[in-house]
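Asks: this one's sequence-less:
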């Protein structure tokens, strides 16, 4: 089988060309995953939050627009809208020398996309401040109005996306 003329096509939720999908983008990181990451990284700000799903006491809401805010001297947590990832990765590169740490949770099935090929692949794991960690298993996300158990964990198949996730970690 030849892939010479193969053209990848993205799912409608993978690209802003089809418009942002608020009902898809508004997914919160599960408490289980965030708590483990926060214990490890000690985040000071959530830069891509909504008021109802912010993970840190200090956060930038959609109205605040984390892309327009300074991340200097912060330990940044970012679970960006998956319909428009590129500007968030570009912002992380712009802020990487000024922030203490930036951790971004992204779909692990987008490595063929231009933003990954231009902004991640040439730099990952080359001792220049960016590492990529692919997480085991498919992680759960919390939809607005999801049923959660007594520990705040989402329940139900609809919270688990059809892809794995990875962390991009910028650190000095």
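Replies: Perfect, thanks for sending it. As the structure is a prediction and not an experimental result, all values here were calculated from the model.
Asks: C-alpha from now on. contacts and neighbour counts both.
Replies: Noted.
Asks: surely residue 105 meets residue 82?
Replies: No: using Cα atoms under 8 Å, residue 105 makes no contact with residue 82, being 9.7 Å away.
Asks: the more surrounded of these two?
Replies: Neighbour tally, residue 105 and residue 82, criterion other Cα atoms under 10 Å: the higher count belongs to residue 82, 22 against 19.
Asks: just checking, next helix/strand downstream of the worst-scoring helix or strand of the chain on mean pLDDT?
Replies: Every helix and strand in the chain was compared by mean pLDDT, DSSP states H and E; the lowest is helix 22-25, with a mean of 61. From helix 22-25 onward toward the C-terminus, using DSSP states H and E, the following helix or strand is strand 28-29.
Asks: buried sites along the following helix or strand past that following strand?
Replies: Once strand 28-29 ends, the next helix or strand along the chain (criterion: DSSP H and E) is helix 31-41. For helix 31-41, the neighbour count (16 or more other Cα atoms under 10 Å) marks 31, 34, 38 as buried.
Asks: average model confidence for helix 31-41?
Replies: Over the span of helix 31-41, the pLDDT mean works out to 93.
Asks: Quick one: mean pLDDT for the helix or strand that comes right after it?
Replies: Tracing the chain past helix 31-41, the next element assigned as helix or strand by DSSP H and E is strand 45-46. For strand 45-46, mean pLDDT rounds to 97.
Asks: which residues of the chain score low on pLDDT?
Replies: Across the chain, the ranges flagged by pLDDT under 70 are 1-26, 138, 141-162.
Asks: hey, where'd the helices end up in it?
Replies: When secondary structure is read from DSSP state H, the chain shows helices at 22-25, 31-41, 86-95, 114-119.
Asks: With distance to residue 47 as added columns, please give those helices in CSV.
Replies: Compiled in CSV, these are given as follows (distance: least, Cα to Cα, whole Å):
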stretch, distance to residue 47
helix 22-25, 14
helix 31-41, 14
helix 86-95, 10
helix 114-119, 19
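Asks: Figure out which of those is closest to residue 74.
Replies: Comparing these against residue 74 with Cα to Cα, the closest turns out to be helix 86-95 (9.8 Å).
Asks: contact partners of that closest one?
Replies: The contact list for helix 86-95 (Cα atoms under 8 Å, 6 or more residues apart in numbering) reads 67, 70-72, 80, 102, 115, 119, 170.
Asks: ok, now stretch 110-124?
Replies: Outside stretch 110-124, the residues within contact range by Cα under 8 Å, 6+ apart are 85-86, 89-90, 130-132.
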